[in-house]
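Enquirer: sequence and computational prediction follow.
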Amino acid sequence: MKVRLIDHQCDCLGLIRTGLVGSILAFAPILGAQPAGAAEAGPADTGKVTNTIEIAPGDAPQDKEIAPHKERETLPQPTTRDNPFNVPRLELTREAAYSAYQRGYYLTAFDFATRLAGQGDVAAQTLLGELYYRGLGVERDVKEAASWFELAAAEKDAEAEFALGLLYARGQGVDKNTDKAIELFEKAAAQGQKHAQFNLGLIKLEGQLARQDLNEAIDLLTQSANQGLADAQYTLANIYRSQLFPTPELDKAAYWMLQAAKSGFADAQLEYGLMLFSGKGVAKNYDMSRAWIEQAAKSGHVLAQNRLARMLARGYGAPADPVKAAEYYLLSKRAGKHDDWLENFFTQLPDADKQKALADLSDKSLW
């Protein structure tokens, strides 16, 4: 098992993978958590802005300030309104800076964060580091990001500690220093930063960057999972059903797999559905098995589409539905999943069913 750092386009500072459980550590944007005293929501979490501060129309962004396409899936799209002089200007506060960031008004966020950071506001320093790292509202500058994270981390800001730890782990903007990265993860994890807890848990589990300690790894991952991090929940589920234990604890595996599935994690939805199908760690239930696997399939999970096609063809969890089975088979086949049994099943369908499946498939905006 080897932990390795890789790039990731959607998350600001990258991923760690662990070969043992096949889980992905999605390092959420640094500002997934709000500053102390602000509502805890952000583009990394729900995409909903919970505080009520409004950006004045005079501050409405130009095109370059509108959130990129991927951000628009979770952030409300800013708009430009008339008569800006009729609305009071936004007060310069950290909450206003974070609100602008969350809504995709990056120029405004950068302006506010710069002024507040210069006044020593630690949360604003962390926000400024985030903006420099991602190149939002300002040209990307990883070294400048690192310097702002370092200032905030010196004041024990958990988000900054985590962010700076990632930069040290990857050698971005600073010289690579694994020991320093782990030290910063430990500081952030001790303050309850769930991504740091997850990171540190994987490091303790893997045992190459630090002393291996299964109990400590599980404790850290559990702390992160209890805060709702789906990656941690999924990782725990896989640990409990792995060979790390003399006897796999399938009941705990099923519990954490369900939590991750409820979080919308497609891999977990498929895996929990398969646990229900086989009765491993949970009572066998074909109806629920099909429901969970279908959720994963509808999100585009290719293996789930394949497994759902088999269930629909054979009538597990509901009466057999050859046409729908064919639809999901064709979806998975298009994505490169080969299945001799389903190919034979599709070949033997009446031509009318084949044509209906193809027609339904082309009709559904879902696909």
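Expert: Ah, there it is. Bear in mind that the values here come from a model prediction, so they are computed numbers and not experimental data. Numbers count the residues shown, from 1 in each chain.
Enquirer: could you give the number of residues near L276?
Expert: Look at L276: counted by other C-beta atoms under 10 Å, it has 26 neighbours. (Each C-beta comes from the backbone N, C-alpha and C, glycine too.)
Enquirer: just give the closest residue to it, not the sequence neighbours.
Expert: S289 (3.8 Å; C-beta to C-beta, 6 or more residues apart in numbering).
Enquirer: L229 now?
Expert: K194 (4.9 Å).
Enquirer: element containing the residue nearest to L276, please.
Expert: helix 286-298 (DSSP states H and E).
Enquirer: and the next helix or strand past that helix?
Expert: The element immediately downstream of helix 286-298 (helix or strand, assigned by DSSP H and E) is helix 302-314.
Enquirer: hmm, L274 and the residue nearest to L276 touching each other?
Expert: Yes: counting by C-beta atoms under 8 Å, S289 does reach L274; the two are 7.2 Å apart.
Enquirer: picking that back up, and the helix holding S289, how far out from the chain's middle?
Expert: Relative to the mean C-alpha coordinate of its chain, helix 286-298 is positioned 21 Å out (C-alpha atoms, centre = their mean, to the nearest Å).
Enquirer: helix 302-314 and that helix, what's the angle between them?
Expert: 140 degrees (axes from the mean of the first three to the mean of the last three C-alpha atoms, to 10 degrees).
Enquirer: helix 286-298 packs against which elements?
Expert: helix 266-278, helix 302-314 (3 or more C-beta pairs under 8 Å, 6 or more residues apart in numbering; DSSP states H and E).
Enquirer: list the buried residues in the helix or strand encompassing A117.
Expert: Per DSSP H and E: A117 is located in helix 106-118. Applying a neighbour-count criterion of 16 or more other C-beta atoms under 10 Å, one finds 106-114, 116-117 buried in helix 106-118.
Enquirer: distance to G129 and pLDDT for those residues - can I get that in JSON lines?
Expert: Shown next, in JSON lines, are those (distance: C-beta to C-beta, whole Å; pLDDT from 0 to 100):
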{"residue": "Y106", "distance to G129": "14", "pLDDT": "96"}
{"residue": "L107", "distance to G129": "17", "pLDDT": "95"}
{"residue": "T108", "distance to G129": "17", "pLDDT": "94"}
{"residue": "A109", "distance to G129": "12", "pLDDT": "95"}
{"residue": "F110", "distance to G129": "11", "pLDDT": "97"}
{"residue": "D111", "distance to G129": "16", "pLDDT": "96"}
{"residue": "F112", "distance to G129": "14", "pLDDT": "96"}
{"residue": "A113", "distance to G129": "9", "pLDDT": "97"}
{"residue": "T114", "distance to G129": "12", "pLDDT": "97"}
{"residue": "L116", "distance to G129": "13", "pLDDT": "97"}
{"residue": "A117", "distance to G129": "9", "pLDDT": "97"}
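Enquirer: which of those lies closest to A146?
Expert: A117 (14.1 Å; C-beta to C-beta).
Enquirer: so what's L131 up against?
Expert: Neighbouring residues of L131 by C-beta atoms under 8 Å, 6 or more residues apart in numbering: 101, 106, 109-110, 113, 137-138.
Enquirer: pull the helix or strand with minimum mean pLDDT from the protein.
Expert: strand 15-18 (a mean of 28; mean pLDDT, DSSP states H and E).
Enquirer: distance check, I239 against L92.
Expert: 47 Å (C-beta to C-beta, to the nearest Å).
Enquirer: how about the buried residues of helix 106-118 in JSON lines, adding distance to R307?
Expert: Formatted as JSON lines, those follow (distance: C-beta to C-beta, whole Å):
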{"residue": "Y106", "distance to R307": "42"}
{"residue": "L107", "distance to R307": "47"}
{"residue": "T108", "distance to R307": "47"}
{"residue": "A109", "distance to R307": "43"}
{"residue": "F110", "distance to R307": "46"}
{"residue": "D111", "distance to R307": "51"}
{"residue": "F112", "distance to R307": "49"}
{"residue": "A113", "distance to R307": "47"}
{"residue": "T114", "distance to R307": "51"}
{"residue": "L116", "distance to R307": "51"}
{"residue": "A117", "distance to R307": "50"}
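Enquirer: thank you kindly, that will do.
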